[in-house]
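**Student:** here is a sequence with its predicted model. Questions after.
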Protein chains: 2
Amino acid sequence: MEYFEDMVVGTRHSFGSYAVTREEVIDFASKYDPQAFHLDDAEAAKTHFGRLSASGWHTCAMTMAMLVENMKSRKHAGLGSPGVDNLRWIKPVYPGDTLRVESELIEKRRSKSRPEMGLIKTHMNTFNQNDEVVMEMTSNAMVSVRDQSAPIEE
Amino acid sequence: MEYFEDMVVGTRHSFGSYAVTREEVIDFASKYDPQAFHLDDAEAAKTHFGRLSASGWHTCAMTMAMLVENMKSRKHAGLGSPGVDNLRWIKPVYPGDTLRVESELIEKRRSKSRPEMGLIKTHMNTFNQNDEVVMEMTSNAMVSVRDQSAPIEE
């Protein structure tokens, strides 16, 4: 099991391979983001997207799927997330794309109010098969502390 | 049709009524966020969530569904979004909750590089049926300018 104490600022992980299908793009957008450029080829062609593209929230969801798979492979027990700073959709994601993620741990600190928890900040880039960054974000997460009696360093 | 010129900073909208079902929570989490506390009652009970709760990304997706419905009712033609600042998951969302959204337009400016577009910044709170804020975010969006020949004010 990976605990807060095991995590080293500067550590990078590279993971995931998510094939974006037309069926899934339309299914997600139909439920959650039914704007024409996420549903219809002809409408999408009239916009700066050029062709049918995935909802940005779908790209978040696909990135999360890769992240959770990576966390499980590291036996990292996340306790959830308070939120995300600066989520940016940089390039459209198209059916046929294959996505992957690179992450870097940029900050860690013990929680003062909940000494059993640590707070980590991770910068994540989601790439397409052409190594273009399609999305970036800085995510915050809560992780378990192994030795809860250890003093909290300032 | 609602254009950039029609939008007034300070305008608030209140909209949506989204019934969160157990089936949808588990379906979304199975695909995109298969952490135990989003899938299993007994595992969720061991965590600070207390019981089965929706993925934060699912709350984003449900909020987007309400936003798109509201945009359509206002005949507001969005051109997509470059991203979100400070997305915060404040309280868990549970099956049985009913969500709604309050938004406030906090900033607008013409794009200098693309004079046919305006950029707007909107603060959004997602509430549950107890009027508790479960999520907040500041979203950025691109909207069509009606009179593209109008000078860009500084």
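**Tutor:** Noted; the coordinates are in hand.

**Student:** residue contacts, residue A:13?
**Tutor:** When contacts are counted by CB atoms under 8 Å, 6 or more residues apart in numbering or on different chains, residue A:13 touches A:70, A:74, A:101-103. C-beta: built from backbone N, CA, C; applies to glycine.

**Student:** and residue A:105, by the same measure?
**Tutor:** By CB under 8 Å, 6+ apart, residue A:105 lies in contact with A:7-12, A:120-122.

**Student:** from the chain's centroid, how far away is the lowest-mean-pLDDT helix or strand in chain A?
**Tutor:** Ranking every helix and strand in chain A by mean pLDDT, DSSP states H and E puts helix A:41-45 at the bottom, with a mean of 92. Remark: helix A:41-45 is offset 28 Å from the chain centroid, using CA atoms, centre = their mean, to the nearest Å.

**Student:** now do stretch A:66-80
**Tutor:** Per CA atoms, centre = their mean, the displacement of stretch A:66-80 from the mean C-alpha position of its chain is 12 Å.

**Student:** ok, and what's touching that stretch?
**Tutor:** For stretch A:66-80, contacts defined as CB under 8 Å, 6+ apart pick out A:1-2, A:13, A:15-18, A:99-101, A:103, A:117, A:124, A:141-144, B:33-35, B:37, B:47-49, B:56, B:89.

**Student:** buried stuff in it?
**Tutor:** Neighbour-count burial for stretch A:66-80 flags A:66-68, A:70-71, A:76, A:78-80 (criterion: 16 or more other CB atoms under 10 Å in any protein chain shown).

**Student:** sorry, back to before: near chain B at all, the least confident helix or strand of chain A?
**Tutor:** No - against chain B, helix A:41-45 shows no contacts by CB under 8 Å from any CB of the partner chain, the least distance being 10.7 Å.

**Student:** for that helix, list the C-alpha coordinates in PDB.
**Tutor:** Taking C-alpha atoms only, helix A:41-45 is exported to PDB below (Å, rounded to 0.1, in the frame of the first residue of the first chain):
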ATOM      1  CA  ASP A  41     -20.800  15.700 -37.900                       C
ATOM      2  CA  ALA A  42     -22.300  18.400 -40.100                       C
ATOM      3  CA  GLU A  43     -22.800  20.900 -37.200                       C
ATOM      4  CA  ALA A  44     -19.300  20.200 -35.900                       C
ATOM      5  CA  ALA A  45     -17.800  20.900 -39.400                       C
END
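
**Student:** next SSE after it?
**Tutor:** Counting by DSSP states H and E, the next helix or strand C-terminal to helix A:41-45 is helix A:56-73.

**Student:** after that next one, which helix or strand is next?
**Tutor:** Going down the chain from helix A:56-73, the next helix or strand is strand A:83-89, by DSSP H and E.

**Student:** quick check: next helix or strand after that next one?
**Tutor:** Next along from strand A:83-89, by DSSP H and E: strand A:98-110.
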